[in-house]
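Q: Take a look and give me a structure for this.
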Amino acid sequence: MIVGMHNEDTDTVEALIVAADHPSLAGDIDEFLTRLQVERRYFGPTASSRPKPTRALLASLRQRGGFRMAVFVEAQVVGLARIDGAGELFLAVAPEYRNEGLGTELGRAMVERARQLHYTRLVMRSSHRSGAIRRVGDELGCMVVDGHHGRTEFILDLLPSEVSA
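A: Numbering: from 1, shown residues only. Alright, predicted model coming up:
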């Protein structure tokens, strides 16, 4: 799937979203996750819009099981998502591509694939009140459940709604 992304520096950048579990992509994915692992943590007003991925998120993105999709821009992985067998969605985007809509487009591609694979519900979790994840959840139509200690769940029911006769 090819998506257009508007960037401050350029008019439009093409991004390619692909299935990411083929062994030939392992090196690209490892490089992407390593870049995220050493990313600088933001504090203050930018923290919610540019959250550094947690170690738990990075570990979940590395795992097999379920399926993964990646976003490529100019032959480089700039986003990765995974849905595990239980329907939990994990998603991360490189810092230089955040707030460009790639996370939302990747989320949409994951939802479409999850429907094809007959998942009935997806859940994203955030240990912080992340503005970035909240925007993705809102765009995907998730129900937001705010929990204790700043934890938030974004739940998306994938069952088709019944039409009453």
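
Q: From the contact counts, what lies against the helix or strand that contains Gly103?
A: Taking DSSP states H and E as the criterion, Gly103 maps to helix 102-116. With contacts taken as 3 or more C-beta pairs under 8 Å, 6 or more residues apart in numbering; DSSP states H and E, helix 102-116 sits against strand 2-5, strand 13-19, strand 67-73, strand 76-83, strand 89-93, strand 121-126, helix 131-140. Placement of C-beta: from N, CA and C, glycine included.

Q: Just the buried positions in it, please.
A: Leu102, Gly103, Thr104, Glu105, Leu106, Gly107, Arg108, Ala109, Met110, Val111, Arg113, Ala114 (16 or more other C-beta atoms under 10 Å).

Q: and that helix, how far out from the chain's middle?
A: 8 Å (C-alpha atoms, centre = their mean, to the nearest Å).

Q: which SS class is Lys52?
A: Look at Lys52: counting by DSSP: H, G, I helix; E, B strand; the rest coil, its state is coil.

Q: how near is it to Gly147?
A: 21 Å (C-beta to C-beta, to the nearest Å).

Q: Neighbour count: those two, which is higher?
A: Lys52 (18 against 11; other C-beta atoms under 10 Å).

Q: Any figure for the gap between the more buried one and Gly103?
A: Separation of Lys52 from Gly103 (C-beta to C-beta): 14 Å.

Q: quick revisit: redo the buried residues of helix 102-116 as TSV? Include pLDDT and distance to Leu58.
A: Listed next are the buried residues of helix 102-116 as TSV, based on pLDDT from 0 to 100; distance: C-beta to C-beta, whole Å:
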residue	pLDDT	distance to Leu58
Leu102	91	18
Gly103	92	15
Thr104	93	20
Glu105	94	21
Leu106	96	16
Gly107	95	18
Arg108	95	22
Ala109	96	20
Met110	96	17
Val111	96	22
Arg113	96	21
Ala114	96	21
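
Q: Thanks a lot, catch you later.
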